[in-house]
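> starting from these lines, generate the structure:
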Amino acid sequence: MIDNVFSKAQTHYEEVHLKTNLVLGIRLVIVAIILMLISGCASLLPEEQGPTRTELDKMSKKAIATLLETKPQLQALLDKSIGYVVVDMTVTKIPVVGTGAGYGVVIDRRTNTTSYIKVSQFEVGGGLGAEKYKVLIVFDDAKLLEKTAAGAWHYEAGASAASGSESAETAVSKSDKGYTAFKLSESGACVRVTVLMARAKPYLVD
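Numbers count the residues shown, from 1 in each chain. Have a look, this model is predicted:
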């Protein structure tokens, strides 16, 4: 009697276990198929093309013109510099992790040459939402300028050097770091920033 009950219980357990494994297996197959379909669709999409030289040159000139409207004394800083870079950034922030990407124009005033960079960024910190802005970095250190053009200087325009409401007089003072950087938001607000970390590489290289 006891053996019969035990046998039935064991059989029932095996049937339940088999059904559970079967359901799990079906779910895994469905997930695998969905992932394959997504991957296949993504491969059919055309590769996104970056901006052209003309578009980047136009962006750079417009950004500087906007900055000069609010900070006319910035012109003196540009005139005395050895060069500068203007970057158009788009940042997406999600909890804990934030990512960003952009393209920039590097002007070497010593040689009157222009080069281009593609900027990528990885942040760790809080925050939500997306942000678009321009960054102007004015150099008085030749090595930093050359590293930027080569994509070897890692930087990120992240935090305001002050409260975000610096006066125009203090915002264009020469930096002891070899550069002075400004962040221009989509709304037109401009603040001086401290460059932290990001990655860049040459772009539109012949």
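> any low-confidence regions in this structure?
Along the chain, the model assigns pLDDT under 70 to residues 1-25, 29, 31-48, 92-99, 121-130, 154-176, 193-198, 206.
> so where do the strands sit in this protein?
For the chain, the strands defined by DSSP state E occupy 83-93, 97-108, 113-124, 129-139, 157-160, 179-185, 190-195, 199-203.
> for Thr66, find the nearest of these.
strand 179-185 (6.2 Å; CB to CB). For every residue, glycine as well, the C-beta is placed using N, CA and C.
> buried ones in the closest one?
Tyr179, Thr180, Ala181, Phe182, Lys183, Leu184 (16 or more other CB atoms under 10 Å).
> now, which of these sits nearest Lys132?
Using CB to CB, the buried residues of strand 179-185 come closest to Lys132 at Leu184, 10.1 Å.
> wait, isn't that closest one in contact with Glu131?
No. Look at Leu184 against Glu131 with CB atoms under 8 Å: they stay out of range, at 11.8 Å.
> can you list the domains in this structure?
The domain map for the chain lists 1-45, 53-203, with the assignment taken from automatic domain parsing.
> hang on, the earlier thing: of the buried residues of strand 179-185, which pair is most distant in space?
Distance extremes for the buried residues of strand 179-185: the farthest pair is Tyr179 and Leu184 at 15.9 Å, using CB to CB.
> now Ile107: how far from Gly83?
Counting by CB to CB, to the nearest Å, the gap from Ile107 to Gly83 is 5 Å.
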